[in-house]
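Participant: Got a predicted structure plus its sequence, pasted below:
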Amino acid sequence: MKFVPAPNKDAPESVVIFRINAREEALLLAMLRLYPVLENSHHRISQDPKAAASAEQRLLEESMGQQRAAHRRKVDALFQTPQRFFKEVLGERHLVLTGAQLEWLLQVLNDIRVGSWVRLGSPDLEKPASLQLTRAGARSLQAMQICGEFQLALLEAVK
């Protein structure tokens, strides 16, 4: 997936455009089917175990649940009307996103990436270690890598 700089940045509704091939589109859609990965309870207001039962923690979890539901609706809309996002232009396939759509897509991909890392046991991936991968672990590692690549491509648009 490659960012295509827009020639007219003063358009009424600015959009970002990415050239995407069929394989990348299929991979992106496969990753989005995984959403959500993280549980609401994963997010902590404090490291203090006493805070886990606090009203603030419950409020955080409720807020995360509402955000997750909103993201899920947007992901579902993408699957129901993919032609709103994926367009054929001069023989090339493009992913066309508004700024708000770019933001939620980055958030969803990050949830999948971080959630996959948590499912792996939150390993330090900078240190060489003998990671005993199961089939599920290999899928989590793969999802983490693929989502990271998509995030990097999307972030090209905001440079």
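Facilitator: Arrived safely, thanks for sending.

Participant: strands paired with the strand ranked longest in the chain, and their directions?
Facilitator: Longest strand in the chain, counting residues (DSSP state E): strand 92-98. Sheet neighbours of strand 92-98, with direction, are listed as strand 15-19 (antiparallel), strand 86-89 (antiparallel) (DSSP bridges).

Participant: Check what pLDDT Pro123 gets.
Facilitator: Listed pLDDT for Pro123 reads 84.

Participant: Identify each buried residue in the helix or strand where Ala143 lies, please.
Facilitator: For Ala143, the host element (DSSP states H and E) is helix 135-155. The neighbour-count check on helix 135-155 (16 or more other CB atoms under 10 Å) flags 137, 140-141, 143-144, 146-150, 153-154 as buried. For the C-beta atoms, the positions are set from N, CA and C on the backbone; glycine is no exception.

Participant: Can I get these in a markdown table including pLDDT?
Facilitator: Output for the buried residues of helix 135-155, formatted as a markdown table (pLDDT from 0 to 100):
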| residue | pLDDT |
| --- | --- |
| Gly137 | 91 |
| Ser140 | 94 |
| Leu141 | 92 |
| Ala143 | 97 |
| Met144 | 96 |
| Ile146 | 98 |
| Cys147 | 98 |
| Gly148 | 97 |
| Glu149 | 97 |
| Phe150 | 98 |
| Ala153 | 96 |
| Leu154 | 97 |
